[in-house]
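**Q** take a look and give me a structure for this.
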Amino acid sequence: MTRVGAARYEPPTDGRREDVSLRQACTDWKLDKTQVARFFALSREYTEQEAPQRYAQFYDLPCTIEGQLQAEGLNWVFRINAAATATWESGDKTRSWGCAAKGCTSLVLMMPDDQAP
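**A** Numbering: from 1, shown residues only. Below you'll find the predicted structure:
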C-alpha cells in the first residue's frame, strides 16, 4: 500500500433525493493501509467471466476510498466501494474484488446479504 485517500461521497445526479445519513457515514468512513491490506486479504478476486455473479451478490454505494498499491510488479489504483467491492486498475488492466467474509464487516459500511464464514 503506497497511499490511501479519504472517502469520497458521490451525490445522486438522477434527480433522487440525497441520503444525508449516508453522506455522513461516508464522510466518517476511514481505512488505513493495514485495513486496506486486510480488506484485500479477505476478499475474493472475480474473473471477468464471474463479474455478473459479483454484481448480483453485492450492493453498490455512492461512497469509495481510493489509493495506490504495488503488486506483481505493477502500480495499481484501487477503489474500495463502501459496499464491500473493489477494483484495481493499472493501464488497460482491471481486476475486480468482493469481500463477503465476516472479517470485512468492520471495514465497510454495507455487507452482502449472504456473508461467508
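**Q** what's across from Ile80 in the sheet?
**A** Ile65, Ala86 (DSSP bridges).
**Q** so who does it touch?
**A** Applying CB atoms under 8 Å, 6 or more residues apart in numbering to Ile80 gives the contacts 31, 36, 39, 64-66, 86, 108. Yep, even glycine has a C-beta here, placed from its N, CA and C like the rest.
**Q** now, among those, which is nearest to Asp14?
**A** Each of those was scored against Asp14 by CB to CB, and Thr64 proved nearest at 17.9 Å.
**Q** ok, the closest one - how many residues close by?
**A** Neighbours of Thr64 under the rule other CB atoms under 10 Å: 22.
**Q** in this structure, which spans are strands?
**A** For the chain, applying DSSP state E gives strands covering 3-4, 8-9, 44-46, 63-71, 74-81, 85-90, 93-98.
**Q** picking up where we left off before, show me which of the contacts of Ile80 is closest to Gln49.
**A** Within the contacts of Ile80, proximity to Gln49 (CB to CB) peaks at Ala86, which comes in at 18.2 Å.
**Q** how about the contacts of Ile80, which pair is most distant?
**A** Glu66 and Val108, at 14.5 Å, using CB to CB across the contacts of Ile80.
**Q** more crowded one of the two?
**A** Val108 (24 against 16).
**Q** before I go, just wanted to say thanks for your time.
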